[in-house]
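Student: Build me a model from this:
(one chain, ligands or ions: 1)
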Amino acid sequence: MRIPLRNSEQAYGLISQAFHWVVAGLVLLQFIWAWRIQQLGFGRERFDLVNQHKSVGLTILALVVLRLVWRYFNPPPPLPAGMPAWERRAAGIIHGMLYVLLLIIPLAGWAMSSAAGYGASWFGLIHLPDPVGQDQALMDGLQWVHRLLAWLLAALVVAHGLAALRHHFVKRDAVMRRMLPW
Ligand code: HEM
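Tutor: A predicted model of the protein is given here:
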């Protein structure tokens, strides 16, 4: 089955679906990386994993910015007509928070890396400027923000996934199916 590039009234198009599932996969990777980093003592392997975590996080940041631009020019299909107002509001709030967190978490990570004195690069190819100078207290604060918001993101992703499953299995509408490529 060929999926159109752009969103239609019924379903998300190929570009929106690709942004959604690639970002979802990379976010999952970020948590696996963070967990592996916490298991390791200081050394080469940990250093490499932290750098990969930074590069993938910056990729997510860039993809989310592009995704928001695409969404502006190509709005999502409308929600089913009979959907209660509270569900529409809840979906809007959760989607908005997911976007905000996917911007703030990588930005906090980037600033934290600069405050720690290491800086950040994208797979060693593009070296990013330092948004802040080296500062231990700032680094501690940003690490706390990065960690707290990452766990808030994880909770919202679970709520988002459960809501999609409820649409499919309980309400039996097309809301989940329209983000699936099949
Ligand atoms: C959506 C993107 C991201 C997610 C979901 C994410 C998630 C996480 C999580 C869950 C941790 C472990 C927190 C803890 O318990 O201490 C962590 C640690 C960390 N993150 Fe991220 N992160 C993201 C992007 C970034 C970016 C873009 C950077 C830097 C450019 C970054 C730099 C770091 C650093 C330096 C650590 C600490 C590693 C250590 O313990 O040495 N993160 N991140």
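Student: Run the chain-centre distance for stretch 77-88.
Tutor: Relative to the chain's own centre, stretch 77-88 is displaced by 24 Å; criterion: Cα atoms, centre = their mean, to the nearest Å.
Student: Which parts of the protein are strands?
Tutor: Along the chain, counting by DSSP state E, strands occupy 121-122, 126-127.
Student: and of these, who's closest to the ligand?
Tutor: strand 121-122 (8.6 Å; Cβ to the nearest ligand atom). For every residue, glycine as well, the C-beta is placed using N, CA and C.
Student: Could you list every helix and strand that that closest one packs against?
Tutor: helix 44-73 (3 or more Cβ pairs under 8 Å, 6 or more residues apart in numbering; DSSP states H and E).
Student: In terms of secondary structure, what does the helix it packs on contact?
Tutor: Secondary elements touching helix 44-73 (3+ Cβ pairs under 8 Å, 6+ apart): helix 14-39, helix 85-115, strand 121-122.
Student: Next, the angle helix 44-73 makes with the second one.
Tutor: Read that as helix 85-115. 140 degrees (axes from the mean of the first three to the mean of the last three Cα atoms, to 10 degrees).
Student: residues of helix 85-115 that come out buried?
Tutor: The neighbour-count check on helix 85-115 (16 or more other Cβ atoms under 10 Å) flags 87, 91, 98, 101-102, 105-115 as buried.
Student: try stretch 134-142
Tutor: Those buried within stretch 134-142 under the rule 16+ other Cβ under 10 Å are 138, 139, 142.
Student: re earlier: keep the buried residues of helix 85-115, but drop any that are not near the ligand.
Tutor: 102, 105, 106, 109, 110, 112, 113 (Cβ under 6 Å from any ligand atom).
Student: about what we covered before: which one of the helices and strands packed on helix 44-73 lies closest to residue 78?
Tutor: helix 85-115 (10.1 Å; Cβ to Cβ).
Student: hmm, back to that, closest to residue 17 among the buried residues of helix 85-115?
Tutor: The closest of the buried residues of helix 85-115, once distances to residue 17 are taken by Cβ to Cβ, is residue 98, at 15.9 Å.
Student: Setting aside sequence neighbours, what's the nearest residue to that closest one?
Tutor: residue 156 (5.8 Å; Cβ to Cβ, 6 or more residues apart in numbering).
Student: again with residue 112
Tutor: Excluding the flanking residues, the one nearest residue 112 by Cβ to Cβ, 6+ apart is residue 142, at 3.9 Å.
Student: and the one you found, what is it in contact with?
Tutor: 108, 111, 112, 115 (Cβ atoms under 8 Å, 6 or more residues apart in numbering).
Student: The second one reaches residue 131, doesn't it?
Tutor: So that's residue 111. Yes. Assessed by Cβ atoms under 8 Å, residue 111 is found in contact with residue 131 at 5.1 Å.
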